[in-house]
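K.L.:
For reference, the sequence and a predicted model appear below.
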Amino acid sequence: MISQDDALGEPAEVTVRCQDDRAVHVRLCDLFVQDEDCVHYAIEVGAPGLNARLDGVAAWNWNGDLAPFLEGLARDFRGWQGERVWQTNDRDLTLRAVFRSGGHVGLTWTLRPWRTPVDSWDASVTTWLEAGEQMSALAADVRQLLGQDTGRHG
């Protein structure tokens, strides 16, 4: 899932592909550090007939960010009832997780830029992953990409 930047040996992007339809994907990429507490990145979603990109998504070096949310989902690989929801502080990225029989997690990634007029646009895709190993790998890849495993970005 993670691509490495050959020049620096650091992660350059994380791509998530839906196991049910490989054309459905999410890509976290184009990181830049704004200050010691925050990393910004772009997120792209794609599916047949859909390509959307949101720049400037903020990842804070606090416990409530994306990687810890994904790690919690991976820990609960036996499943849960209902829906779990996480979103950025700016509410421009929302991630909804549901568990279905057979040990799979549906992650619905919704992009809604906060810097534009209300209801100007949003885009969503749902990626289905295996609840255990694939979710754990995604969580680790996101943590590494955002530099939260080493404190590299903050």
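P.N.:
It's in. Because the structure is a prediction, the values reported are computed rather than measured.

K.L.:
what's the longest helix in this structure?
P.N.:
Taking DSSP state H as the criterion, the chain has its longest helix at helix 133-145.

K.L.:
Mind giving me the packing neighbours of that one?
P.N.:
strand 2-4, strand 11-17, strand 25-35, helix 66-75 (3 or more CB pairs under 8 Å, 6 or more residues apart in numbering; DSSP states H and E). Just so you know, the C-beta spots here come from the backbone N, C-alpha and C atoms, and that holds for glycine as well.

K.L.:
how far out from the middle of the chain is it?
P.N.:
Relative to its chain's centre, helix 133-145 lies at 10 Å (CA atoms, centre = their mean, to the nearest Å).

K.L.:
Buried ones in that helix, by neighbour count?
P.N.:
Judged by neighbour count (16 or more other CB atoms under 10 Å), helix 133-145 contains these buried residues: 134-145.

K.L.:
ok, so of those, who is nearest Val33?
P.N.:
Leu145 (12.7 Å; CB to CB).

K.L.:
Give me the distance between Val85 and Leu31.
P.N.:
Noted for Val85: a distance of 24 Å to Leu31, by CB to CB, to the nearest Å.

K.L.:
Comparing the two, which residue is more hemmed in?
P.N.:
Leu31 (20 against 12; other CB atoms under 10 Å).

K.L.:
What pLDDT does the model give that one?
P.N.:
Note for Leu31: predicted pLDDT of 91.
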